[in-house]
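Colleague: Would you be able to build a 3D model of this:
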Amino acid sequence: MSLSELPGIDRKVKLSNLGEFAERLSVMTNELRDQILAPRPRKTAPIFTIGELSDMCGVDRQKINYLATKEGSELPSGEVQGTGRARTFSLKDVRTWVQQVSDIYQTPLVSGTRDHRGRVLITANFKGGSCKTTTSMCVGQGLSLRGRKVLMIDLDPQASLSELCGLYAEKDVTWEDTVLPYIYDPDVEGGFESKVQSTYWDGLDVIPAHNYLHDAEFHLPAAQKTNPNFEFWSVLRKGIDSLRSKYDYIILDTAPSLSYLTLNGLMAADAMVMPLVPESLDFISSVSFWSLFAEVANGFVEHEVDKSYDFVSVLLSRVDYGSTSSAPVVRSWSQRAYGDWLHTTEIPASSVMSNGALAFSTVFDLSRAETVAKTLARVKQPMVDYCKWIDDQYVAQWRAGQ
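Modeller: Numbering: from 1, shown residues only. The predicted structure is shown next:
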(Lines give C-alpha, C1' and ligand atoms only; values in the text may rest on other atoms or scores of the structure.)
Protein backbone atom coordinates (compact mmCIF):
# COMPACT_ATOMS: atom_id res chain seq x y z
CA MET A 1 0.00 0.00 0.00
CA SER A 2 1.42 3.39 -1.00
CA LEU A 3 1.39 6.43 1.28
CA SER A 4 -1.29 8.02 -0.85
CA GLU A 5 -3.56 5.07 -0.11
CA LEU A 6 -3.27 5.31 3.68
CA PRO A 7 -6.44 6.53 5.38
CA GLY A 8 -6.28 10.17 6.46
CA ILE A 9 -6.72 11.29 10.05
CA ASP A 10 -10.09 12.82 10.77
CA ARG A 11 -9.27 15.96 12.79
CA LYS A 12 -12.78 17.32 13.05
CA VAL A 13 -13.90 18.22 16.57
CA LYS A 14 -17.57 18.54 17.42
CA LEU A 15 -18.84 20.57 20.34
CA SER A 16 -20.96 17.59 21.34
CA ASN A 17 -17.77 15.56 21.88
CA LEU A 18 -16.10 18.06 24.20
CA GLY A 19 -18.01 16.88 27.28
CA GLU A 20 -16.62 13.35 26.99
CA PHE A 21 -13.15 14.73 26.30
CA ALA A 22 -13.27 17.03 29.34
CA GLU A 23 -14.43 14.18 31.56
CA ARG A 24 -11.52 12.02 30.41
CA LEU A 25 -9.08 14.84 31.15
CA SER A 26 -10.64 15.33 34.59
CA VAL A 27 -10.05 11.66 35.44
CA MET A 28 -6.46 11.96 34.24
CA THR A 29 -5.90 15.14 36.27
CA ASN A 30 -7.17 13.50 39.45
CA GLU A 31 -4.78 10.59 38.89
CA LEU A 32 -1.90 13.01 38.33
CA ARG A 33 -2.72 14.91 41.52
CA ASP A 34 -2.56 11.69 43.48
CA GLN A 35 0.82 10.86 41.92
CA ILE A 36 2.26 14.35 42.37
CA LEU A 37 1.20 14.69 45.98
CA ALA A 38 1.96 11.09 47.01
CA PRO A 39 2.67 9.88 49.60
CA ARG A 40 1.07 12.82 51.41
CA PRO A 41 -2.56 13.65 50.63
CA ARG A 42 -2.14 17.30 51.58
CA LYS A 43 0.64 19.84 51.67
CA THR A 44 2.62 20.26 54.86
CA ALA A 45 4.56 23.27 56.07
CA PRO A 46 8.37 23.07 56.16
CA ILE A 47 10.48 22.54 59.25
CA PHE A 48 12.96 25.28 60.13
CA THR A 49 16.48 24.92 61.49
CA ILE A 50 17.73 26.98 64.39
CA GLY A 51 19.93 28.84 61.90
CA GLU A 52 16.91 29.87 59.84
CA LEU A 53 15.07 30.96 62.98
CA SER A 54 18.13 32.95 64.01
CA ASP A 55 18.15 34.77 60.66
CA MET A 56 14.42 35.58 60.82
CA CYS A 57 14.52 36.84 64.40
CA GLY A 58 17.82 38.67 64.07
CA VAL A 59 19.29 37.04 67.20
CA ASP A 60 22.15 34.56 67.52
CA ARG A 61 21.71 30.84 68.03
CA GLN A 62 23.03 30.90 71.57
CA LYS A 63 20.28 33.30 72.62
CA ILE A 64 17.64 31.17 70.92
CA ASN A 65 18.93 28.06 72.69
CA TYR A 66 18.92 29.95 75.98
CA LEU A 67 15.39 31.30 75.57
CA ALA A 68 14.10 27.96 74.29
CA THR A 69 15.37 26.05 77.32
CA LYS A 70 14.95 28.74 79.97
CA GLU A 71 12.72 27.57 82.81
CA GLY A 72 9.30 29.17 82.61
CA SER A 73 9.83 30.40 79.04
CA GLU A 74 6.63 30.70 77.01
CA LEU A 75 8.51 30.49 73.73
CA PRO A 76 8.28 27.23 71.75
CA SER A 77 11.30 25.03 72.50
CA GLY A 78 11.27 23.24 69.16
CA GLU A 79 12.34 19.65 68.71
CA VAL A 80 15.76 18.42 69.78
CA GLN A 81 17.68 16.67 67.02
CA GLY A 82 20.52 14.15 67.20
CA THR A 83 22.83 14.70 70.14
CA GLY A 84 20.70 17.54 71.45
CA ARG A 85 22.79 20.43 70.15
CA ALA A 86 20.49 21.09 67.21
CA ARG A 87 16.83 22.06 67.24
CA THR A 88 14.14 22.33 64.59
CA PHE A 89 11.01 24.43 64.72
CA SER A 90 7.58 24.22 63.13
CA LEU A 91 6.13 27.07 61.11
CA LYS A 92 3.81 27.95 63.98
CA ASP A 93 6.81 27.98 66.36
CA VAL A 94 8.74 30.26 64.01
CA ARG A 95 5.89 32.74 63.69
CA THR A 96 5.57 32.89 67.48
CA TRP A 97 9.29 33.56 67.85
CA VAL A 98 9.22 36.27 65.19
CA GLN A 99 6.23 37.96 66.83
CA GLN A 100 7.74 37.89 70.33
CA VAL A 101 11.51 38.09 69.89
CA SER A 102 12.37 39.85 66.62
CA ASP A 103 12.47 43.61 66.24
CA ILE A 104 9.91 43.44 63.41
CA TYR A 105 7.05 45.76 64.31
CA GLN A 106 3.96 43.77 65.25
CA THR A 107 0.52 45.25 64.89
CA PRO A 108 -1.42 45.56 68.18
CA LEU A 109 -4.52 43.43 68.65
CA VAL A 110 -7.56 44.42 70.67
CA SER A 111 -9.90 41.48 71.32
CA GLY A 112 -8.46 39.73 68.27
CA THR A 113 -9.03 42.76 66.03
CA ARG A 114 -6.25 44.87 64.50
CA ASP A 115 -6.22 48.56 65.22
CA HIS A 116 -5.52 49.31 61.57
CA ARG A 117 -7.12 48.46 58.25
CA GLY A 118 -5.46 45.54 56.53
CA ARG A 119 -3.93 46.36 53.17
CA VAL A 120 -5.14 44.76 49.95
CA LEU A 121 -2.51 43.73 47.40
CA ILE A 122 -3.25 42.46 43.90
CA THR A 123 -1.01 40.59 41.49
CA ALA A 124 -2.00 41.24 37.90
CA ASN A 125 -0.69 40.30 34.48
CA PHE A 126 -2.32 39.24 31.22
CA LYS A 127 0.44 36.84 30.23
CA GLY A 128 0.10 33.19 31.19
CA GLY A 129 3.25 31.76 32.77
CA SER A 130 4.22 35.12 34.24
CA CYS A 131 4.71 33.68 37.76
CA LYS A 132 1.66 35.68 38.89
CA THR A 133 0.08 32.99 41.06
CA THR A 134 3.40 31.74 42.45
CA THR A 135 4.31 35.33 43.31
CA SER A 136 0.96 35.81 45.08
CA MET A 137 1.56 32.74 47.22
CA CYS A 138 5.19 33.60 47.94
CA VAL A 139 4.29 37.14 48.98
CA GLY A 140 1.61 35.74 51.30
CA GLN A 141 4.02 33.23 52.82
CA GLY A 142 6.84 35.74 53.10
CA LEU A 143 4.65 38.27 54.87
CA SER A 144 3.36 35.61 57.26
CA LEU A 145 6.96 34.81 58.20
CA ARG A 146 7.21 38.41 59.38
CA GLY A 147 4.40 37.66 61.85
CA ARG A 148 1.58 38.94 59.67
CA LYS A 149 -1.89 37.45 59.35
CA VAL A 150 -2.63 36.99 55.64
CA LEU A 151 -5.73 36.15 53.61
CA MET A 152 -5.43 34.92 50.03
CA ILE A 153 -8.45 35.40 47.75
CA ASP A 154 -8.39 33.38 44.54
CA LEU A 155 -10.27 35.17 41.76
CA ASP A 156 -9.00 32.99 38.91
CA PRO A 157 -11.43 30.27 37.75
CA GLN A 158 -8.39 28.07 37.08
CA ALA A 159 -7.94 27.97 40.88
CA SER A 160 -4.16 27.55 40.77
CA LEU A 161 -3.70 29.59 43.95
CA SER A 162 -6.21 27.34 45.72
CA GLU A 163 -4.07 24.36 44.69
CA LEU A 164 -0.96 26.06 46.06
CA CYS A 165 -2.86 26.54 49.33
CA GLY A 166 -3.28 22.76 49.52
CA LEU A 167 -6.84 22.42 48.23
CA TYR A 168 -7.93 20.09 45.46
CA ALA A 169 -9.90 22.71 43.58
CA GLU A 170 -12.32 20.25 41.99
CA LYS A 171 -12.65 17.94 45.01
CA ASP A 172 -12.48 20.24 48.02
CA VAL A 173 -14.16 23.36 46.64
CA THR A 174 -17.64 24.10 45.33
CA TRP A 175 -18.85 27.38 43.86
CA GLU A 176 -20.50 28.13 47.22
CA ASP A 177 -17.05 28.21 48.87
CA THR A 178 -15.90 31.08 46.63
CA VAL A 179 -16.73 34.77 46.37
CA LEU A 180 -19.47 33.93 43.87
CA PRO A 181 -22.44 33.76 46.31
CA TYR A 182 -21.57 37.30 47.44
CA ILE A 183 -21.28 38.44 43.82
CA TYR A 184 -24.81 37.12 43.24
CA ASP A 185 -26.18 38.61 46.46
CA PRO A 186 -24.11 41.07 48.57
CA ASP A 187 -26.58 40.50 51.41
CA VAL A 188 -25.86 36.76 51.55
CA GLU A 189 -25.56 35.52 55.13
CA GLY A 190 -22.00 35.57 56.45
CA GLY A 191 -20.57 37.54 53.53
CA PHE A 192 -16.94 36.91 52.69
CA GLU A 193 -16.12 35.97 56.28
CA SER A 194 -18.08 32.74 55.99
CA LYS A 195 -15.96 31.67 52.98
CA VAL A 196 -12.56 31.88 54.70
CA GLN A 197 -10.72 28.57 55.10
CA SER A 198 -7.53 27.83 57.01
CA THR A 199 -4.60 26.29 55.14
CA TYR A 200 -1.61 24.08 55.89
CA TRP A 201 0.44 27.27 56.32
CA ASP A 202 0.05 28.88 59.76
CA GLY A 203 -1.04 32.50 59.54
CA LEU A 204 -2.37 32.17 56.01
CA ASP A 205 -6.06 31.67 55.16
CA VAL A 206 -7.78 31.43 51.79
CA ILE A 207 -11.06 32.05 50.02
CA PRO A 208 -10.65 29.55 47.19
CA ALA A 209 -11.74 29.60 43.56
CA HIS A 210 -13.78 27.26 41.38
CA ASN A 211 -14.26 27.14 37.62
CA TYR A 212 -17.83 28.39 38.14
CA LEU A 213 -16.31 31.81 38.91
CA HIS A 214 -16.69 32.37 35.18
CA ASP A 215 -20.37 33.03 35.94
CA ALA A 216 -19.41 36.38 37.46
CA GLU A 217 -18.47 37.53 33.96
CA PHE A 218 -22.11 37.13 32.93
CA HIS A 219 -23.82 38.18 36.15
CA LEU A 220 -22.07 41.52 36.72
CA PRO A 221 -22.72 43.07 33.28
CA ALA A 222 -26.29 41.71 33.34
CA ALA A 223 -26.85 43.32 36.75
CA GLN A 224 -25.52 46.63 35.43
CA LYS A 225 -27.81 46.43 32.41
CA THR A 226 -30.80 45.83 34.68
CA ASN A 227 -29.80 48.59 37.08
CA PRO A 228 -27.77 51.44 35.51
CA ASN A 229 -26.82 52.65 39.01
CA PHE A 230 -25.23 49.29 39.90
CA GLU A 231 -21.53 49.79 40.66
CA PHE A 232 -20.25 46.56 39.18
CA TRP A 233 -16.62 47.51 39.93
CA SER A 234 -17.10 47.93 43.69
CA VAL A 235 -18.71 44.63 44.67
CA LEU A 236 -15.44 43.01 45.75
CA ARG A 237 -14.21 46.10 47.59
CA LYS A 238 -17.36 46.21 49.70
CA GLY A 239 -17.14 42.48 50.43
CA ILE A 240 -13.53 42.72 51.57
CA ASP A 241 -14.12 45.70 53.84
CA SER A 242 -15.29 43.65 56.85
CA LEU A 243 -12.12 41.50 56.66
CA ARG A 244 -9.64 44.35 56.85
CA SER A 245 -9.65 44.42 60.66
CA LYS A 246 -8.91 40.69 60.84
CA TYR A 247 -5.88 40.57 58.54
CA ASP A 248 -2.72 42.57 58.01
CA TYR A 249 -2.76 41.73 54.32
CA ILE A 250 -5.36 40.50 51.86
CA ILE A 251 -3.82 39.28 48.61
CA LEU A 252 -5.87 38.93 45.44
CA ASP A 253 -4.80 36.57 42.67
CA THR A 254 -6.52 37.27 39.37
CA ALA A 255 -7.10 35.62 36.02
CA PRO A 256 -4.72 36.58 33.17
CA SER A 257 -7.31 38.87 31.59
CA LEU A 258 -9.12 42.14 32.26
CA SER A 259 -12.25 40.32 33.39
CA TYR A 260 -15.00 41.79 35.56
CA LEU A 261 -13.52 40.03 38.60
CA THR A 262 -10.02 41.28 37.77
CA LEU A 263 -11.39 44.79 37.40
CA ASN A 264 -13.12 44.43 40.77
CA GLY A 265 -9.80 43.36 42.26
CA LEU A 266 -7.96 46.29 40.71
CA MET A 267 -10.52 48.71 42.14
CA ALA A 268 -10.40 47.06 45.57
CA ALA A 269 -6.61 46.96 45.89
CA ASP A 270 -4.41 49.38 47.79
CA ALA A 271 -1.29 48.34 45.86
CA MET A 272 -0.39 46.34 42.78
CA VAL A 273 2.38 43.87 42.02
CA MET A 274 3.08 42.89 38.41
CA PRO A 275 5.47 39.96 37.99
CA LEU A 276 7.24 40.26 34.64
CA VAL A 277 9.37 37.56 33.03
CA PRO A 278 12.05 39.42 31.02
CA GLU A 279 11.10 38.01 27.63
CA SER A 280 9.98 40.05 24.62
CA LEU A 281 6.41 38.70 24.47
CA ASP A 282 5.95 39.11 28.20
CA PHE A 283 7.03 42.74 28.03
CA ILE A 284 4.68 43.46 25.11
CA SER A 285 1.86 41.75 27.04
CA SER A 286 2.52 43.98 30.05
CA VAL A 287 2.22 47.04 27.82
CA SER A 288 -1.13 45.72 26.53
CA PHE A 289 -2.30 45.35 30.13
CA TRP A 290 -1.65 49.00 30.89
CA SER A 291 -3.21 50.17 27.63
CA LEU A 292 -6.44 48.30 28.31
CA PHE A 293 -6.55 49.21 31.98
CA ALA A 294 -5.93 52.88 31.15
CA GLU A 295 -8.92 52.88 28.78
CA VAL A 296 -11.16 51.45 31.48
CA ALA A 297 -9.70 53.79 34.12
CA ASN A 298 -10.40 56.83 31.93
CA GLY A 299 -14.03 55.75 31.74
CA PHE A 300 -14.20 55.66 35.54
CA VAL A 301 -12.54 59.06 35.89
CA GLU A 302 -15.01 60.58 33.46
CA HIS A 303 -17.77 59.40 35.79
CA GLU A 304 -15.93 60.85 38.81
CA VAL A 305 -14.82 57.45 40.09
CA ASP A 306 -11.13 57.65 40.98
CA LYS A 307 -8.69 55.89 43.29
CA SER A 308 -4.98 55.79 44.03
CA TYR A 309 -2.52 52.98 44.64
CA ASP A 310 0.03 53.21 47.44
CA PHE A 311 2.50 51.75 44.96
CA VAL A 312 2.72 49.81 41.73
CA SER A 313 5.65 47.40 41.70
CA VAL A 314 6.93 45.60 38.61
CA LEU A 315 8.96 42.58 39.70
CA LEU A 316 11.26 40.84 37.22
CA SER A 317 10.74 37.11 37.79
CA ARG A 318 12.25 33.91 36.50
CA VAL A 319 15.24 35.92 35.32
CA ASP A 320 17.76 33.95 33.26
CA TYR A 321 21.29 35.27 33.81
CA GLY A 322 22.83 33.07 31.10
CA SER A 323 24.96 34.54 28.33
CA THR A 324 22.28 33.98 25.67
CA SER A 325 19.41 35.33 27.77
CA SER A 326 17.24 38.18 26.53
CA ALA A 327 16.94 39.48 30.10
CA PRO A 328 19.47 42.37 29.74
CA VAL A 329 17.61 43.78 26.72
CA VAL A 330 14.15 43.41 28.22
CA ARG A 331 15.40 44.78 31.55
CA SER A 332 16.54 47.94 29.74
CA TRP A 333 13.11 48.21 28.07
CA SER A 334 11.43 47.77 31.45
CA GLN A 335 13.63 50.43 33.05
CA ARG A 336 12.69 52.90 30.31
CA ALA A 337 9.00 51.98 30.44
CA TYR A 338 8.41 51.64 34.17
CA GLY A 339 11.06 53.81 35.79
CA ASP A 340 10.67 53.75 39.58
CA TRP A 341 7.92 51.16 39.31
CA LEU A 342 10.53 48.55 38.35
CA HIS A 343 11.80 47.06 41.58
CA THR A 344 15.52 46.56 42.08
CA THR A 345 14.94 43.05 43.42
CA GLU A 346 14.84 40.30 40.80
CA ILE A 347 13.72 36.71 41.24
CA PRO A 348 16.14 34.41 39.38
CA ALA A 349 15.14 31.41 37.31
CA SER A 350 15.92 28.20 39.16
CA SER A 351 15.42 24.49 38.85
CA VAL A 352 14.28 24.62 42.47
CA MET A 353 11.21 26.62 41.42
CA SER A 354 10.58 24.45 38.36
CA ASN A 355 10.68 21.24 40.36
CA GLY A 356 8.62 22.81 43.12
CA ALA A 357 5.90 23.75 40.67
CA LEU A 358 5.48 20.10 39.78
CA ALA A 359 4.65 19.38 43.42
CA PHE A 360 2.34 22.39 43.84
CA SER A 361 5.05 23.98 45.98
CA THR A 362 6.77 27.33 46.27
CA VAL A 363 10.29 28.16 47.34
CA PHE A 364 8.99 28.80 50.87
CA ASP A 365 7.55 25.28 51.05
CA LEU A 366 10.97 23.70 50.68
CA SER A 367 13.22 23.05 53.65
CA ARG A 368 17.00 22.98 53.49
CA ALA A 369 16.93 19.21 53.85
CA GLU A 370 14.99 18.86 50.59
CA THR A 371 17.41 20.71 48.32
CA VAL A 372 20.85 22.28 48.14
CA ALA A 373 20.87 25.10 50.69
CA LYS A 374 22.80 27.57 48.50
CA THR A 375 20.55 26.92 45.52
CA LEU A 376 17.46 27.41 47.64
CA ALA A 377 18.81 30.61 49.21
CA ARG A 378 19.65 32.05 45.79
CA VAL A 379 15.98 32.18 44.79
CA LYS A 380 14.43 32.45 48.25
CA GLN A 381 16.38 35.42 49.62
CA PRO A 382 15.26 37.87 46.89
CA MET A 383 11.63 37.02 47.67
CA VAL A 384 12.29 37.47 51.41
CA ASP A 385 13.80 40.88 50.63
CA TYR A 386 10.85 41.82 48.43
CA CYS A 387 8.33 40.88 51.13
CA LYS A 388 10.28 42.97 53.63
CA TRP A 389 10.12 45.92 51.22
CA ILE A 390 6.33 45.58 50.90
CA ASP A 391 5.93 45.26 54.65
CA ASP A 392 8.15 48.27 55.32
CA GLN A 393 5.86 50.44 53.17
CA TYR A 394 2.95 49.75 55.50
CA VAL A 395 4.73 49.51 58.84
CA ALA A 396 5.50 53.21 58.47
CA GLN A 397 1.80 53.90 58.00
CA TRP A 398 0.75 51.63 60.86
CA ARG A 399 3.20 53.28 63.23
CA ALA A 400 1.67 56.60 62.25
CA GLY A 401 -1.77 55.23 63.13
CA GLN A 402 -2.97 55.04 59.54
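Colleague: Tell me the secondary structure at the residue nearest to the spatial centre of the chain.
Modeller: Among the residues of the chain, the one closest to the centroid is S136, at 2.0 Å (Cα atoms, centre = their mean). The three-state label for S136, taken from DSSP: H, G, I helix; E, B strand; the rest coil, comes out as helix.
Colleague: Quick check: it vs D60, distance?
Modeller: Going from S136 to D60 by Cβ to Cβ, to the nearest Å gives 34 Å. Where C-beta positions appear, they are placed from N, C-alpha and C, glycine not excepted.
Colleague: now the helices for the stretch 151-300 of the chain?
Modeller: Assignment of helices within the stretch 151-300 of the chain using DSSP state H, counting those that start in this stretch yields the ranges 160-164, 169-172, 180-184, 216-226, 235-241, 260-268, 280-302.
Colleague: what sits up against the fourth one?
Modeller: With Cβ atoms under 8 Å, 6 or more residues apart in numbering as the contact definition, helix 216-226 has outside contacts at V179, L180, I183, Y184, F230, F232, V235, S259, Y260, L261, N264.
Colleague: Where does pLDDT dip in the stretch 101-250 of the chain?
Modeller: Confidence mapping of the stretch 101-250 of the chain against pLDDT under 70 gives the ranges 111-112, 115, 169.
Colleague: Now do the strands in it.
Modeller: Counting by DSSP state E, counting those that start in this stretch, the segments of the stretch 101-250 of the chain that form strands are 109-110, 113-114, 119-123, 150-154, 197-198, 204-207, 249-253.
Colleague: other SSEs contacting the last one?
Modeller: When you say that, I think you mean strand 249-253. Based on contacts counted as 3 or more Cβ pairs under 8 Å, 6 or more residues apart in numbering; DSSP states H and E, the elements that strand 249-253 packs against are strand 119-123, helix 132-144, strand 150-154.
Colleague: Report how many residues lie close to P256.
Modeller: P256 sits with 19 neighbouring residues when counted by other Cβ atoms under 10 Å.
Colleague: Before we go further, K374 is sitting in a helix, right?
Modeller: Yes: with the criterion set as three-state DSSP, the secondary structure at K374 is a helix.
Colleague: quick revisit: just the buried ones among the contacts of helix 216-226, please.
Modeller: By neighbour count, with 16 or more other Cβ atoms under 10 Å, the contacts of helix 216-226 hold V179, L180, I183, F232, V235, S259, Y260, L261, N264 as buried.
Colleague: okay if I get these as JSON lines plus distance to Q158?
Modeller: Converted to JSON lines, those look like this (distance: Cβ to Cβ, whole Å):
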{"residue": "V179", "distance to Q158": "15"}
{"residue": "L180", "distance to Q158": "15"}
{"residue": "I183", "distance to Q158": "17"}
{"residue": "F232", "distance to Q158": "22"}
{"residue": "V235", "distance to Q158": "21"}
{"residue": "S259", "distance to Q158": "12"}
{"residue": "Y260", "distance to Q158": "16"}
{"residue": "L261", "distance to Q158": "12"}
{"residue": "N264", "distance to Q158": "17"}
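Colleague: Closest one to V287 out of these, please.
Modeller: Nearest to V287 among these: S259, at 19.0 Å, using Cβ to Cβ.
Colleague: Please list all residues in contact with the closest residue to Q402 other than its chain neighbours.
Modeller: With Cβ to Cβ, 6 or more residues apart in numbering as the criterion, Q402 has its nearest non-adjacent residue at 7.0 Å, and that residue is H116. Applying Cβ under 8 Å, 6+ apart, we find H116 in contact with T107, Q397, W398, G401, Q402.
Colleague: CSV for the residues you listed, including neighbour count, secondary structure and distance to R244?
Modeller: As requested, the contacts of H116 are exported to CSV (neighbours: other Cβ atoms under 10 Å; DSSP: H, G, I helix; E, B strand; the rest coil; distance: Cβ to Cβ, whole Å):
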residue, neighbour count, secondary structure, distance to R244
T107, 17, coil, 12
Q397, 14, helix, 13
W398, 19, helix, 13
G401, 7, coil, 15
Q402, 9, coil, 13
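Colleague: most neighbours per residue, which of the helices and strands packed on strand 249-253?
Modeller: Between the helices and strands packed on strand 249-253, the one whose residues have the most neighbours on average, counting mean count of other Cβ atoms under 10 Å, is strand 150-154 (a mean of 27).
Colleague: The nearest residue to D215 once chain neighbours are set aside and E217: what is the separation?
Modeller: Excluding the flanking residues, the one nearest D215 by Cβ to Cβ, 6+ apart is L180, at 6.4 Å. Relative to E217, L180 is positioned 11 Å away (criterion: Cβ to Cβ).
Colleague: Setting the sequence-adjacent residues aside, check what's closest to the residue nearest to the centre of the chain.
Modeller: Excluding the flanking residues, the one nearest S136 by Cβ to Cβ, 6+ apart is D253, at 4.1 Å.
Colleague: Walk me through the domains of this protein.
Modeller: Following the assignment in automatic domain parsing, the chain carries domains at 48-101, 109-399.
Colleague: remind me which residues of the stretch 301-402 of the chain are low pLDDT?
Modeller: Scanning the stretch 301-402 of the chain residue by residue, the ranges that satisfy pLDDT under 70 are 352-359, 368-373.
Colleague: And the helices in it, which stretches?
Modeller: Listed in chain order, the helices of the stretch 301-402 of the chain (DSSP H, counting those that start in this stretch) span residues 327-338, 351-358, 373-399.
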